[in-house]
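Undergrad: Next comes the sequence, and after it the predicted model I'd like to discuss.
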Number of protein chains: 2
Amino acid sequence: MPRPSSVRDAVADLLRRGGRHAWSIEELHRELIASGRRADQSSVFRAVTYLHDRGQLVRVVVDGKARYEVASPHHDHVRCEGCGALAPLPGCVLEGLEHLEPEVKAGTGFAVTGHQLVLTGRCPRCQRDGR
Amino acid sequence: MPRPSSVRDAVADLLRRGGRHAWSIEELHRELIASGRRADQSSVFRAVTYLHDRGQLVRVVVDGKARYEVASPHHDHVRCEGCGALAPLPGCVLEGLEHLEPEVKAGTGFAVTGHQLVLTGRCPRCQRDGR
DNA sequence: GGCATTCTGCAAGCAACTTGCAAAATGCCG
DNA sequence: CGGCATTTTGCAAGTTGCTTGCAGAATGCC
């Protein structure tokens, strides 16, 4: 039977608070440390793995790095080429996915089950600073 | 002035032959070895880097791993959740990207410059084998 | 041939995870 | 309580997949 887990609870808390979007393990870890707690990266890793396995988190891989966010209606992301910032898009760009499925099926034989879309662009600041 | 490079030429050759889609460095390396050549992964890495720098290859990152394919009109991919196979889609799903740009700009402030879309699904074989 | 340049293989370096292990915590039961 | 079986953690070591540094082998060009 699961027992209280300070690290896991703190991680879940951070993710749910929504102060930021799509956290990397390192960011979560840094934040925990910054807020005075003490935890190892491996514990944070186990925490997100645990939560992810239970479907409470969604895992997004951007730029080769894993990021986690609370499970919620699917949405896509934009990534800034200048500074790497990641922002959520209002909603899922591929609403038309349904109509797409049969096409893909016909063309490739694959049965589509989902997708991950990451737009690339420049965030407001990088646009201004000409980065 | 560049001199003949057996490794690089062999890599470019493999990629162009199109026997497979979106090769990873390891796959390219294995194939070279399998066909009797001798080459180091680092050489393959340098080969794709070289070709990519010259715009002859496109780099796609799927599942945290880099893959390369000959530069050609943009298209997206489907990845099999069962076996990891990657297949190209007939064309770019986001043809409507243009219409999307202003929306994203308005909603997030980001100026969109491109995207990478990877659908997930099951390849014919994995569907049949119930994987 | 003599040289300056390019390739290459080998081995070491990195980043981001993942795991193994043993110690510290807890809950439960007698 | 006290004893035990489970969990949760930190620490350190192991993986994976690139990346780099270096020195030696190859070549093209005098």
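TA: Thanks, I have it. Everything quoted here is computed from the prediction, not taken from an experiment.
Undergrad: A:Ser42 and A:Ile25: what is the separation?
TA: 9 Å (CB to CB, to the nearest Å). (C-beta placed from N, C-alpha, C; glycine too.)
Undergrad: So for these two, which sits in the more crowded spot?
TA: Neighbour count, other CB atoms under 10 Å in any protein chain shown: between A:Ser42 and A:Ile25, A:Ile25 has more, with 19 against 11.
Undergrad: Determine how far the longest strand seen in chain A lies from the middle of the whole chain.
TA: Using DSSP state E, we find that the single longest strand of chain A is strand A:111-122. Distance, stretch centre to chain centre, for strand A:111-122: 12 Å (CA atoms, centre = their mean, to the nearest Å).
Undergrad: Show me what that strand is packed up against.
TA: Judged by 3 or more CB pairs under 8 Å, 6 or more residues apart in numbering or on different chains; DSSP states H and E, strand A:111-122 is in contact with strand A:57-62, strand A:77-80, helix A:97-108, strand B:111-122.
Undergrad: so which of those gets nearest A:Gly130?
TA: Of all the helices and strands packed on strand A:111-122, strand B:111-122 sits nearest to A:Gly130, with 12.1 Å by CB to CB.
Undergrad: Report the inter-axis angle for the closest one versus helix B:97-108.
TA: If you take axes from the mean of the first three to the mean of the last three CA atoms, to 10 degrees, strand B:111-122 sits at 110 degrees to helix B:97-108.
Undergrad: Using PDB, write down the CA coordinates of strand B:111-122.
TA: Output of strand B:111-122 as PDB, limited to C-alpha atoms (Å, rounded to 0.1, in the frame of the first residue of the first chain):
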ATOM      1  CA  ALA B 111       5.800  33.900 -34.800                       C
ATOM      2  CA  VAL B 112       5.500  30.500 -36.300                       C
ATOM      3  CA  THR B 113       8.300  29.400 -38.600                       C
ATOM      4  CA  GLY B 114       7.800  25.700 -39.000                       C
ATOM      5  CA  HIS B 115       6.700  22.500 -37.300                       C
ATOM      6  CA  GLN B 116       7.300  18.900 -36.800                       C
ATOM      7  CA  LEU B 117       4.400  16.500 -36.600                       C
ATOM      8  CA  VAL B 118       4.600  12.900 -35.700                       C
ATOM      9  CA  LEU B 119       1.500  10.800 -35.600                       C
ATOM     10  CA  THR B 120       1.500   7.700 -33.500                       C
ATOM     11  CA  GLY B 121      -0.300   4.600 -34.500                       C
ATOM     12  CA  ARG B 122       0.200   0.900 -35.300                       C
END
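Undergrad: buried set for it?
TA: Using 16 or more other CB atoms under 10 Å in any protein chain shown as the test for burial, strand B:111-122 gives B:111-112, B:115-122.
Undergrad: Stretch A:43-57 too?
TA: Going by neighbour count (16+ other CB under 10 Å), the buried part of stretch A:43-57 is A:43-45, A:47-48, A:50-51, A:57.
Undergrad: Quick one: the buried residues of strand B:111-122 as CSV, columns for distance to B:Cys83 and pLDDT too.
TA: Formatted as CSV, those follow (distance: CB to CB, whole Å; pLDDT from 0 to 100):
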residue, distance to B:Cys83, pLDDT
B:Ala111, 38, 94
B:Val112, 33, 93
B:His115, 25, 89
B:Gln116, 21, 88
B:Leu117, 20, 90
B:Val118, 15, 91
B:Leu119, 15, 91
B:Thr120, 12, 91
B:Gly121, 11, 92
B:Arg122, 9, 93
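Undergrad: could those residues be laid out in a markdown table, adding distance to A:Val11?
TA: Output for the buried residues of strand B:111-122, formatted as a markdown table (distance: CB to CB, whole Å):
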| residue | distance to A:Val11 |
| --- | --- |
| B:Ala111 | 33 |
| B:Val112 | 32 |
| B:His115 | 30 |
| B:Gln116 | 28 |
| B:Leu117 | 29 |
| B:Val118 | 27 |
| B:Leu119 | 30 |
| B:Thr120 | 26 |
| B:Gly121 | 31 |
| B:Arg122 | 32 |
